[in-house]
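Enquirer: Next one to model:
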Amino acid sequence: MLTTLSRLSGVEWRHQGRAFLIGVGHGGTHWVAAVFYIVLPFITLDLGLTYAQAGTLVAVFHASAALANFGSGVLVDISGRRVIYQVASLLMGAGALLAFGFTAQYLVLCLLTIFIGVSNNLWHPAAIAYVSEAYPGNRGYALSIHALGANVGDTLAPPATGALLAVLTWQNTSMIGAMPAILIALVIGALLLRDDGHGATGHRERMSMTAYLTGLKALVRNRAVLGLCIMAGFRSMAQTGLYVFLPLYLINVMETGPVVMGLAVMAMQIGGIVAAPVAGAWSDRAGRRPVVLAGLTTTTLVIIGLTLVRHELLFIIGVSLLGFALFAVRPVVHSWLMDITPARWSGSAASLMFGTQAVLSAGVPIAGGIMADHYGLASVFYLLAGTMLVANVLVYLLPGEDPAARSAA
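Expert: Predicted structure coming up:
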């Protein structure tokens, strides 16, 4: 089994440890975010919030992530440190979620959500730069393991949180939900922090601000980098909308309970668990563009199809297919970005992508909430399908790939 995995991935099993450890850390950040999303409907009911107010809470998450994202890339690239920011990300997000258990005030929850948003995107520039540098010839596969960790965190959190919500308040559920991320942060710190600041070829030197700004200017003028970031932003808009409105749709339209809701969200993530390694390894061989196009097109069609399904089992099957297509794209896009970015600015490139995603995604919860209040929750799914259609078009407009870049350091 392990031999087969090594052959298909192109990376010997004994050399995959760091990729899987960082993948677990990524899972921790997504665990925190997933717990937040799953308790959101119960916060909404308990505090008597409107859909627009609930959407605003999520918008705060994405807006704070966007503002923090650009600064985190600067820190990662200038300092040359990767691990310390990953540990800080996990502890910040878990601490904020832990504090959910001590308040029922909407404004305080908004403040704590800011810290969760900051922590969520503090992770990505450091982790993606670290993994990309560690596996330069197999970025698609290695970053798919990073993405796989996110899917595992997103898969385990909904049923676990749903089960806790069946017997506990959302405050107590939030407190318990913070514990796994704290544990993961301690493990990563113990195993990797000692060598932080050392790259694949030795000590990673600090960069001057002048040199950094010169490279950053060239980066933001790169048409392929900007186009890829904007395309990823439209894809992220759909993902964000699904995270917010899929649980609300299940609870309020299909009238399922918290356990079924958790299972449905879990089904979407299981699709991603299966898809990510396959898509990543495939893109290392066939190129990034065809894999991205296949995933985006399938996602667009499935989102529309879900509005026609009323049977719970069929809906869960459809959501699983949605997750397979939606999450197959994510590591391939990250790999594509690292292919066309100089290694010393990889953290900033990741910040630019995730910042763009956060900015574009911030408006989706509010716009979707207003649409849901006026036209029903089903209307939101057509909005999300539209964002995926735009992402499809943008992929066609991107400059052609350089196959040699996929093996460049």
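Enquirer: buried residues in the helix or strand containing residue 371?
Expert: Counting by DSSP states H and E, the element that carries residue 371 is helix 346-375. Residues of helix 346-375 classed as buried: 346-362, 364-369, 371-372 (neighbour count, 16 or more other Cβ atoms under 10 Å). Quick note: C-beta positions are derived from backbone N, CA and C, even for glycine.
Enquirer: Ok, stretch 386-397 next?
Expert: 386, 387, 388, 389, 390, 391, 392, 394, 395.
Enquirer: Kindly export that stretch (C-alpha atoms) in CSV.
Expert: Coordinates of each C-alpha in stretch 386-397 appear next as CSV, following Å, rounded to 0.1, in the frame of the first residue of the first chain:
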residue,chain,number,x,y,z
GLY,A,386,-22.7,32.2,-10.8
THR,A,387,-19.4,32.9,-9.0
MET,A,388,-18.1,29.5,-10.1
LEU,A,389,-19.1,30.3,-13.7
VAL,A,390,-17.0,33.4,-13.5
ALA,A,391,-14.0,31.4,-12.1
ASN,A,392,-14.3,29.0,-15.1
VAL,A,393,-14.1,31.9,-17.5
LEU,A,394,-11.0,33.4,-15.7
VAL,A,395,-9.2,30.1,-16.0
TYR,A,396,-9.6,30.2,-19.8
LEU,A,397,-8.1,33.7,-19.8
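Enquirer: How about residues contacting that stretch?
Expert: Under the criterion Cβ atoms under 8 Å, 6 or more residues apart in numbering, residues 227, 230-232, 234-235, 237-238, 241, 289, 292-293, 296-297, 299-300, 303, 364 lie in contact with stretch 386-397.
Enquirer: mind checking how far the helix holding residue 371 is from the chain centre?
Expert: The gap between where helix 346-375 is centred and where its chain is centred comes out at 12 Å by Cα atoms, centre = their mean, to the nearest Å.
Enquirer: What helices and strands are in contact with that helix?
Expert: Helix 346-375 is packed against helix 51-79, helix 106-134, helix 209-220, helix 223-252, helix 312-339, helix 378-397, with contacts defined by 3 or more Cβ pairs under 8 Å, 6 or more residues apart in numbering; DSSP states H and E.
Enquirer: Check the average confidence over the fifth one, would you?
Expert: Read it as helix 312-339. If you average the pLDDT over helix 312-339, you get 87.
Enquirer: and it, which residues are buried?
Expert: The neighbour-count check on helix 312-339 (16+ other Cβ under 10 Å) flags 315-316, 318-339 as buried.
Enquirer: picking up where we left off before, residue 21: which of the helices and strands packed on helix 346-375 is closest?
Expert: For residue 21, the closest of these is helix 106-134, at 10.1 Å, according to Cβ to Cβ.
Enquirer: roughly how far out does the next helix or strand after that closest one sit from the chain middle?
Expert: Beyond helix 106-134 in the direction of the C-terminus, DSSP H and E gives the next helix or strand as helix 139-165. Centroid separation for helix 139-165 versus its chain: 10 Å, with Cα atoms, centre = their mean.
Enquirer: Helix 139-165 - what's its average pLDDT?
Expert: Throughout helix 139-165, pLDDT has a mean value of 85.
Enquirer: tell me what it is packed against?
Expert: With contacts defined as 3+ Cβ pairs under 8 Å, 6+ apart, the packing partners of helix 139-165 are helix 17-47, helix 106-134, helix 170-177, helix 258-286, helix 312-339.
Enquirer: can you put those in CSV and add distance to residue 379?
Expert: Output for the helices and strands packed on helix 139-165, formatted as CSV (distance: least, Cβ to Cβ, whole Å):
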stretch, distance to residue 379
helix 17-47, 18
helix 106-134, 25
helix 170-177, 27
helix 258-286, 20
helix 312-339, 17
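Enquirer: In terms of mean pLDDT, which of these ranks lowest?
Expert: helix 258-286 (a mean of 81).
Enquirer: hmm, who's touching the helix or strand following that one?
Expert: Next helix or strand after helix 258-286 toward the C-terminus (DSSP H and E): helix 288-306. With Cβ under 8 Å, 6+ apart as the contact definition, helix 288-306 has outside contacts at 140, 235, 238, 242, 275, 279, 282-283, 315, 318-319, 321-322, 324-326, 328-329, 332-333, 335-336, 339, 381-382, 384-385, 388-389, 391-392, 395-396, 398, 401, 406.
Enquirer: and residue 144, what does it touch?
Expert: By Cβ under 8 Å, 6+ apart, the contact list for residue 144 reads 276, 277, 278, 279, 280, 281, 331, 332, 335.
Enquirer: Going by distance to residue 66, which of those wins?
Expert: Top of the list for closeness to residue 66, among those and by Cβ to Cβ, is residue 331 at 21.3 Å.
Enquirer: so the closest one makes contact with residue 276?
Expert: Yes: in terms of Cβ atoms under 8 Å, residue 331 counts as a neighbour of residue 276; the distance is 5.5 Å.
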